[in-house]
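Chemist: no FASTA, just this:
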């Protein structure tokens, strides 16, 4: 999966551009399926969460969390599209601490609960 980071390296040091690129590369692996905390990515990039957040915001104009969520939503939709998986199985696969938290995440990022999302995939019967 490709996560599109919009930025120009003209005004940023090589180090900041490298960090943003490394974050994009990490997200492209699909790791956000189970890891959605900024601190996880900061640790993987050997920087502090505060530094990572400030750098990404300065370079791209967007938060680290927004990029994590952009990478996570397609994974989430793909799992929800697979009707063989229960919502509990999906929540477990995505490392959510509870079904309730999973449902809130879906509602926030999909605009509907996981059940509503699945119902929206069903063909309309006339």
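Modeler: Arrived safely, thanks for sending. Values in this document were obtained by computation on a predicted structure and should not be read as measured data.

Chemist: Torsion angles phi and psi at the closest residue to residue 107 other than its chain neighbours?
Modeler: Residue nearest to residue 107 in three dimensions, not counting chain neighbours: residue 113, with 5.4 Å by Cβ to Cβ, 6 or more residues apart in numbering. All C-beta spots, glycine's among them, are computed from the backbone N, C-alpha and C. The phi/psi pair for residue 113 (degrees, to the nearest 10) reads phi -70, psi 160.

Chemist: How far off centre is the longest helix that the chain contains?
Modeler: For the chain, the helix with the greatest residue count under DSSP state H is helix 64-81. How far helix 64-81 lies from its chain's middle: 4 Å, per Cα atoms, centre = their mean, to the nearest Å.

Chemist: Which residues does it contact?
Modeler: Applying Cβ atoms under 8 Å, 6 or more residues apart in numbering, the contact partners of helix 64-81 are 1, 3, 5, 23-24, 27-28, 30, 32-33, 36, 38, 41, 52-53, 56-57, 60, 85, 90, 93-94, 105-106, 109-110, 114, 117-118, 121.

Chemist: pLDDT below threshold where in the chain?
Modeler: For the chain, the stretches flagged by pLDDT under 70 are 1-13, 125-126.

Chemist: ok, residue 24 to residue 82 distance?
Modeler: According to Cβ to Cβ, to the nearest Å, residue 24 and residue 82 sit 26 Å apart.

Chemist: In terms of neighbours, single out the busier of those two.
Modeler: Between residue 24 and residue 82, residue 24 has the larger neighbour count (other Cβ atoms under 10 Å), namely 18 against 9.

Chemist: what about that one, which helix or strand?
Modeler: Per DSSP states H and E, residue 24 falls inside helix 14-28.

Chemist: Quick one: list the elements packing against that helix.
Modeler: Applying 3 or more Cβ pairs under 8 Å, 6 or more residues apart in numbering; DSSP states H and E, one finds that helix 14-28 contacts helix 38-44, helix 49-60, helix 64-81.

Chemist: Fine by me, thanks again.
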